[in-house]
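Novice: Give me a 3D structure for the following:
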Amino acid sequence: MSKAKKDEAPEEIPLEAEIVEETPAPETSKTEELETALKAEKDKYLRLAAEYDNYRKRSIKEREALYDDVRSDTIKKLLPVYDNLARALSQECSDDAFFKGVEMTMAQLKDILEKCGVTEIPAVGEPFNPDVHNAVMHVEDPAFGASTIAEEFEKGFKLGDKVIRCSMVKVAN
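Specialist: Next up is the predicted model:
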């Protein structure tokens, strides 16, 4: 019996059971192409949105910087008036009403500068800082420590953290 089975031809496999490689349907490849195109367009859209957001933020920063620059330029133009009023107050005056008027004008100017965010840079008795002080003279004086400001010739001002004008000073030792 086992010999008879060997002589017999092997059973044929029906055609339905044969392994056939399937080729993708044209609709499937078109769907994949559309999905790829959609992903590419979505990526372009996201990049464009990010570029616009960066542009918007940069524009806001530039506008704020421009506003600060205009403010500081305007204040710089007012500082000679401050200097003249300070010099007028340092002089002796026989007319009390005139002197009082100059004092009131100086107080009003100081108030306006303060409201604008302008602060005076401290000088006399402070250590010399080249970022905010402009040394125009040097003196040897044992009353002051090393690199200490002995005298201030012209007030310095800051607008926030930005130096509008450095203090003109005499530095000791």
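Novice: and Gly125, helix, strand or coil?
Specialist: When classified by DSSP: H, G, I helix; E, B strand; the rest coil, Gly125 comes out as coil.
Novice: Who are the contact partners of it?
Specialist: Phe144, Thr148, Ile149 (C-beta atoms under 8 Å, 6 or more residues apart in numbering). No exception for glycine: its C-beta is placed from N, CA and C like everyone else's.
Novice: got the phi/psi numbers for it?
Specialist: phi 90, psi -10 (degrees, to the nearest 10).
Novice: so how far is Ala143 from it?
Specialist: Distance, Gly125 to Ala143, using C-beta to C-beta, to the nearest Å: 10 Å.
Novice: State the distance from Pro122 to Asp53.
Specialist: 42 Å.
Novice: Neighbour count for these two, which is higher?
Specialist: More crowded of Pro122 and Asp53, by other C-beta atoms under 10 Å: Pro122, with 15 against 10.
Novice: show me what contacts the more buried one?
Specialist: Applying C-beta under 8 Å, 6+ apart to Pro122 gives no contacts.
Novice: The one 4 residues further on now?
Specialist: Glu126 is in contact with Thr148, Ile149, counting by C-beta under 8 Å, 6+ apart.
Novice: try Thr119
Specialist: Listed by C-beta under 8 Å, 6+ apart, the contact set of Thr119 reads Phe157, Lys158.
Novice: just Ile121 next, same as before
Specialist: Contacts of Ile121 by C-beta under 8 Å, 6+ apart are Val132, His133, Lys155, Gly156, Phe157, Lys158, Val163, Cys166, Ser167.
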